[in-house]
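Enquirer: pasting a predicted model and its sequence here:
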Amino acid sequence: MVNETRVYTTRKSENTKEIEASEKDRIQEPHGLYAQSAVLMDAKSGRILFEKNGGQKRAMASTTKIMTCILALEYGDLDDVVIASSNAVNQPKVRLGVVEGEEILLRDLLYSLMLESHNDAAVMIAEHIGGSVEGFADMMNQKAQRLGCKNTYFITPNGLDASDENGSHQTTAEELARIMKYCIQDSAQAKQFLAISQTETHHFEDCSHVYKYTCNNHNAFLKMMEGAIAGKTGFTGEAGYCYVGALEQNDKKLIVALLGCGWPNNKGYKWQDTRKLMQYGLDSFEYVMIEMRNISKELADIKIPVVKGVPANGKISGESYTKVWMKNMEEGENTDSTELEQFLLRKDQKIHLQIVLKKQLYAPVEAKTEVGEIQYLLDGNVIKRQTVIVKNMIERRNYQWCVRKTVETFLL
């Protein structure tokens, strides 16, 4: 039998803001962006703070290479020797300029990839890690799926425009930001990814010490704003200028992703859009703390009826119900704590909470059975869910239980 649910609206505001902003006081979102698709993300939570066509599929050019880099860091050894194939050597510009059979350390190729955006380096990495470009593309797509990127499809490791029977090489601004979040924060190799991305200049030579190379970082954003920590540019005829970058300042970690941000003669548009979005995030958002005390009090007052359950009073007859609690909260944990969660909210926004629980349960009920959730609502949308469970096991009130209880009563 499917249980209906009951919604409990919390009686008190759960954050420190007391009033909603009036219409005239509402903060204006960025406008006049050049990018066809743009996203500003809170990197810590993954929540989208602003979007313009954020879910629209578009070509992504060399921003692709952040996925190539993180997979190489996760699956390769930086001291691996990588051999240049004919396929790698014949990639279009921009190129490192390797010759067929040349051997270079994987470590050095990653600087070539991220600082100079060399297409031959990307193919060398892909063939070494994935066995072939196609094998590596499979790895890229599998990773994208695990990250929840349902509208992203990789064909090339360097971002050159391509299509096959399954679709075109593309992503969305929202999913590109999600991939960057993984690269700079969630991956076990995030620290190494950041170190490579932030390097200004890298000198190296091939393994035979015949060829010498110098790679310079072309991510101008690193010097544009205080706290810039990573980024990758891109351009193809189909994609236009693209960019994905991250900034950490005043305890905020923000990601901007731009697709289709101008074409030749508009190379600077991506920097203007990036600065505008990052500044919007820095100026217009603040952290708000959710108070556990109020949520705990709300839950303490809730009783869910248990059909055919043993009475709560411990007698033969009486009301049967169960109390509820937040999952992962241990019995006896301090419920007077003022902090449960922090959210990065625009200064004119407010979070509302509601508790959604099953109307009734059917005995027997196991301890820690999930019975609903606490929903954190922002502008009517759920931005976080927290599971609610029953605190104790409830036995079924059957004939055997009644007999046992009757005997116990007479023996006392």
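Expert: Received, thanks.

Enquirer: every contact and neighbour count from this point should use C-alpha atoms.
Expert: Will do.

Enquirer: chain center to stretch 26-36: distance?
Expert: 23 Å (CA atoms, centre = their mean, to the nearest Å).

Enquirer: for it, which positions count as buried?
Expert: 33-36 (16 or more other CA atoms under 10 Å).

Enquirer: and for stretch 80-92?
Expert: For stretch 80-92, a neighbour-count test (16+ other CA under 10 Å) marks 81-85, 88-91 as buried.

Enquirer: format the residues you listed as TSV; extra columns: pLDDT.
Expert: Below are the buried residues of stretch 80-92 laid out as TSV (pLDDT from 0 to 100):
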residue	pLDDT
Val81	98
Val82	98
Ile83	98
Ala84	98
Ser85	98
Ala88	98
Val89	98
Asn90	97
Gln91	97
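
Enquirer: on that earlier part again, ok, of the buried residues of stretch 26-36, which one's closest to Gly234?
Expert: Nearest to Gly234 among the buried residues of stretch 26-36: Ala35, at 13.0 Å, using CA to CA.

Enquirer: quick one: the closest one from Gly268, how far?
Expert: Ala35 is 11 Å from Gly268, where distance means CA to CA, to the nearest Å.

Enquirer: next: Leu259.
Expert: From Leu259 to Gly268 the distance is 14 Å (CA to CA).

Enquirer: ok, Ala72 next?
Expert: 30 Å.

Enquirer: in this structure Gln386 contacts Leu377, no?
Expert: No - contact criterion CA atoms under 8 Å: Gln386 and Leu377 do not qualify, at 11.9 Å.

Enquirer: quick one, strands of the stretch 201-350 of the chain?
Expert: Ranges of strands in the stretch 201-350 of the chain, per DSSP state E, counting those that start in this stretch, are 201-205, 212-216, 228-236, 240-249, 252-259, 285-290, 303-307, 321-326, 341-346.

Enquirer: which one of those strands lies closest to Ser163?
Expert: Going by CA to CA, the one of the strands of the stretch 201-350 of the chain nearest Ser163 is strand 228-236, 13.9 Å.

Enquirer: now distance to Ile179 too, for the buried residues of stretch 80-92, in CSV please.
Expert: Below are those laid out as CSV (distance: CA to CA, whole Å):
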residue, distance to Ile179
Val81, 27
Val82, 25
Ile83, 28
Ala84, 28
Ser85, 28
Ala88, 25
Val89, 28
Asn90, 28
Gln91, 25
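
Enquirer: of the residues you listed, which belong to helices?
Expert: 88-89 (DSSP state H).

Enquirer: circling back: in a markdown table: the buried residues of stretch 26-36, plus distance to Ala190, pLDDT and secondary structure.
Expert: Output for the buried residues of stretch 26-36, formatted as a markdown table (distance: CA to CA, whole Å; pLDDT from 0 to 100; DSSP: H, G, I helix; E, B strand; the rest coil):
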| residue | distance to Ala190 | pLDDT | secondary structure |
| --- | --- | --- | --- |
| Leu33 | 30 | 98 | coil |
| Tyr34 | 30 | 98 | coil |
| Ala35 | 27 | 98 | coil |
| Gln36 | 29 | 98 | coil |
